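In: Please work out how this folds:
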Amino acid sequence: MKEKFSVTGMKCAACSSATERAVSKLEGVNAVTVNLDGAFMLCDYDENKIKKEAIITAVKKAGFKAAPYEGRTEQKSGNEGLRLLVSLPIMIILMYVAMGEMMGLPVPAFISMKESPVAFALIQLALTIPVIAVNFKFFLSGIPAFFRGHPNMDSLVSVGVAAAMVYSLAETYLTLRGNVHAAHNLYYDGAAMILTLVTVGKALESRSRRQTGAAIRRLINLSPKTATVIRGGKEIGILTDEIVPGDILIVRPGESIPADGTVTEGLTAIDESAITGESIPTEKSAGSPVTGGTVNGSGIIKMRADRVGSETTLAKIIELVENAGATKAPVARLADKVAGVFVPVVMGLALLTFVIWIIAAKDISMALRCTISVLVISCPCALGLATPVAITVATGRCAGMGILIKSAEALENLCHIDTVILDKTGTVTEGKPTVSAVFAQIDEDEFIKIAASLEKNSEHPLARAIERYAENIGLYNVTDQTAVPGRGISGIIEGRKYFGGNAAFMSELGVDISAVPVSDGTPMYFACEKELLGVIYASDKIKSDSAQAIERMSKAGLEVILLTGDSQQNADIIKKDLFLADAVGGVTPAGKSDYLLQKRAEGKRVAMVGDGINDSPSLAAADVGIAIGNGTDIAIESADIVLSSNSLSGVPDAVLFSARTMKIIKENLFWAFFYNVIGIPVAAGALYPAFGVLLSPMIAAACMSLSSIFVNLNALRLARK
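Out: Numbering: from 1, shown residues only. Below you'll find the model as predicted:
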């Protein structure tokens, strides 16, 4: 089973990697992914082999807290505001005391390094203690993680600050003993500056990360908090969470629909743009379905609640967006591998830096400065955030466009496709065919009655067309009704065997259809035993935006192919009208899957677009399966991407947004790697022999914070329209 857990206490990519490693080692766990940004974990496990309590225990042993997921909550800020309120003014005073005299600023004699070295050292110590105290959380998190064998960002900061403090305390002791030169080697200001700048960075990072979740919060806020329900013949106000299926709700103009349901009374227009991306309001009357989170426009309606809580379309959209952020795009796997070993490697490099400079320069102060800089600059947060923040923003933005993306892998694969295969009915066309012509070799009314009786239990759109055409005709009772996939249907009426289906089915049955006149539309043949009774033609209107959507895909360099169970003649007509690369008729559902697999065997990257029901084998077999529908059933298991609107235009939109997202992710990963590849050697003093350049630990702390902020801000570009 798959279950989601809240995980708290994670600070960086090393934390999320440690959590994944701890859980993935458990017997019975099939897969696990951790979302650092959303603070939750998706776990696929065999409940017969392992219980969720064991998973929670494993997370706890890794140094974090886990609990069953109860909905998205904003991560706690860690009181950065209060910590900064204390740290910033003290740090400014401390910097003035420590560096004022060197900068030529007027400094009172009692804190002068030259005239009062003891006071100079003790005052710095006194100022540093409260900064350490309010930021002690770094030590509470980092030091235990270090000893557990899972060091994280806080470990780097706390070890760096501790090294600076230990060395400064030793130099302070020497100063008290009369060695006035020791006062020149104090790092109290560096320790306080590191803690303060890292806290500044965390505050800014928290702010930008809250912005990355804005799309999800907008979706959550679509659902109203209260609703008006009729109970006991009276209108009462209740919380939305208290609605139960079957409740009759009253929705007034301007109010949001509180649940998925059906209009029972009234006439209105519903703004469904937040769910489907369609800007034109949809007319609704008695019997019309309505979706929670959409907005009632012009009239008061009564509706019956059919799906509530986690079963609503909006709740499923939110879950899809959240879960997509937890999945891993293939491009991110290298970053995950690096993040998993990054902190231990950095600590090793810091130790190596210290040893090299002690041997080369025989200067413990310089060696310590370089070591602290290496520890502080090497924050793995940027690596850990590079992918998930971009995925979270992208999937949230797409959800607002009516494009529901189930995983980061699907989002990445979509930008690599070169071939798009389209189903016809309900995808390119309206999916509501109407009877256009009838040719009967028996009495026409009797023929229509037989055909409608045979097709009355079929879900095929063509069967619905016949049913609508014969709505005022009494039907026969049909027994032994059998559907033949991709061919047609059979059944017994008053002791005789009847068949209905396409030309291929008639050919298999040995029914001669050569005398049937040709007409526009899709032919449906009907026979009794081997005797042809007649044919019904049905036409399905092409959607108004299909031509434009196909043109956009073609201009983007995609080969667009239509597969249909309709005749080749009708397929050729649509190919000509829509300027398709190819159109193949007479294809069964299994044949579509075979055709798709053949294309993949030729080296093509294929996306399949269908209605998510009849085309499920093809959707599952494609590199990317795209289900197109009206948004009332978004959890189609076989599809990777669901278009909640009934528009094909979502396909080129999704392809273009996929390419844009992957560009942002690659930029983030490049700069995260580039920052560390360049920053660590500079911090270690690689430029000092040739250029005399040493990186201050304070500047290293600022760079570390800015790297994470940059990644978040770059991802936020995806939120722009």
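
In: Please count neighbours and contacts with C-alpha atoms only from this point.
Out: OK.

In: Can you pull out the low-pLDDT segments for the stretch 151-300 of the chain?
Out: 204-217, 276-280 (pLDDT under 70).

In: so after the helix or strand of the chain with the lowest mean pLDDT, what's the next helix or strand?
Out: Ranked by mean pLDDT, DSSP states H and E, the weakest helix or strand in the chain is helix 381-385, scoring a mean of 67. Next in sequence after helix 381-385, counting helices and strands by DSSP states H and E, comes helix 388-400.

In: Which strands or helices does that following helix pack on?
Out: Using 3 or more Cα pairs under 8 Å, 6 or more residues apart in numbering; DSSP states H and E, the elements in contact with helix 388-400 are helix 188-212, helix 214-222, helix 273-276, helix 313-326, strand 403-405, helix 650-683, helix 697-715.

In: one more time with 6 Å
Out: helix 313-326 (3 or more Cα pairs under 6 Å, 6 or more residues apart in numbering; DSSP states H and E).

In: Let me see the mean pLDDT of whichever helix or strand comes after the helix it packs on.
Out: With elements assigned by DSSP H and E, the helix or strand that comes after helix 313-326 is helix 333-361. The pLDDT scores in helix 333-361 average 82.

In: same question, stretch 307-314
Out: Stretch 307-314 comes out at a mean pLDDT of 86.

In: What strands line up against the helix or strand residue 533 falls within, and which way round?
Out: For residue 533, the element it lies in under DSSP H and E is strand 531-539. In the sheet containing strand 531-539, its partner strands are strand 434-440 (antiparallel), strand 522-528 (antiparallel), by DSSP bridges.

In: Serialize those strands to a markdown table and add fields for mean pLDDT and distance to residue 315.
Out: Below are the strands paired with strand 531-539 laid out as a markdown table (pLDDT from 0 to 100; distance: least, Cα to Cα, whole Å):
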| stretch | mean pLDDT | distance to residue 315 |
| --- | --- | --- |
| strand 434-440 | 91 | 35 |
| strand 522-528 | 92 | 39 |
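
In: Point out the most buried one among the ones you listed.
Out: Sort the strands paired with strand 531-539 by mean neighbour count, taking mean count of other Cα atoms under 10 Å, and strand 522-528 sits at the top with a mean of 24.

In: That one: how far from the chain's middle?
Out: 46 Å (Cα atoms, centre = their mean, to the nearest Å).

In: Enumerate residues external to that strand that contact any of its residues.
Out: Counting contacts by Cα atoms under 6 Å, 6 or more residues apart in numbering, the residues outside strand 522-528 that touch it are 497, 498, 499, 500, 501, 502, 533, 534, 535, 536, 537, 538.

In: nearest to residue 667, of the residues you listed?
Out: Closest approach between these and residue 667, by Cα to Cα: residue 538, at 51.6 Å.

In: which ones are touching the closest one?
Out: Residue 538 neighbours (Cα under 6 Å, 6+ apart): 433, 434, 435, 436, 521, 522.

In: now swap in residue 169 and tell me
Out: No contacts exist for residue 169 under Cα under 6 Å, 6+ apart.

In: Quickly note the distance from the nearest residue to residue 676 once chain neighbours are set aside to residue 386.
Out: Distance criterion Cα to Cα, 6 or more residues apart in numbering; nearest residue to residue 676, sequence neighbours excluded, is residue 378 at 6.4 Å. In this view, residue 378 and residue 386 are 15 Å apart by Cα to Cα, to the nearest Å.

In: what's the answer for residue 118, then?
Out: Residue 118 is 47 Å from residue 386, by Cα to Cα.

In: Comparing the two, which residue is more hemmed in?
Out: The neighbour comparison of residue 118 against residue 386 (other Cα atoms under 10 Å) goes to residue 386, with 28 against 24.

In: That one contacts residue 668, correct?
Out: Yes - taking Cα atoms under 6 Å as the definition, residue 386 is a contact partner of residue 668 at 5.1 Å.

In: so what sits against both of those two?
Out: residue 711.

In: Can I take it that residue 513 is in a strand?
Out: No - in this structure, residue 513 is coil, not part of a strand, as judged by DSSP: H, G, I helix; E, B strand; the rest coil.

In: burial of it, as a residue count?
Out: 18.

In: Could you give the number of residues near the nearest residue to it once chain neighbours are set aside?
Out: In space, residue 513 comes closest to residue 532 once its chain neighbours are excluded; the distance is 7.1 Å by Cα to Cα, 6+ apart. Neighbours of residue 532 under the rule other Cα under 10 Å: 22.

In: Quick check: bridge partners of residue 532?
Out: residue 527.

In: how far away is it from residue 524?
Out: 11 Å.

In: Give me the pLDDT for the residue lying closest to residue 274 once chain neighbours are set aside.
Out: Closest residue to residue 274 apart from its sequence neighbours, by Cα to Cα, 6+ apart: residue 400 at 5.7 Å. pLDDT for residue 400: 77.

In: what residue ranges in the stretch 501-650 of the chain score low on pLDDT?
Out: In the stretch 501-650 of the chain, residues with pLDDT under 70: 612-614, 629-638.

In: Run through the strands of it in chain order.
Out: All strands of the stretch 501-650 of the chain, identified by DSSP state E, counting those that start in this stretch, fall at 522-528, 531-539, 559-563, 582-584, 606-610, 624-628, 641-643.

In: Which stretch among these approaches residue 175 most closely?
Out: strand 641-643 (67.9 Å).

In: Run me through the strand neighbours of the closest one, direction for each.
Out: strand 403-405 (antiparallel), strand 624-628 (parallel).

In: These into CSV, with extra columns for distance to residue 605?
Out: Putting the strands paired with strand 641-643 into CSV (distance: least, Cα to Cα, whole Å) gives the following:
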stretch, distance to residue 605
strand 403-405, 18
strand 624-628, 9
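
In: Quickly note the distance from residue 222 to residue 671.
Out: The value you get for residue 222 to residue 671, if Cα to Cα is used, is 36 Å.

In: residues touching residue 480, list them.
Out: Contacts of residue 480 by Cα under 6 Å, 6+ apart are residue 491.

In: is it true that it lies in a strand?
Out: Yes - membership of residue 480 in a strand is supported by three-state DSSP.

In: List the contacts of stretch 187-203.
Out: Against stretch 187-203 from outside (Cα under 6 Å, 6+ apart): 80, 87, 128, 161, 164, 168, 698, 701, 702, 705.
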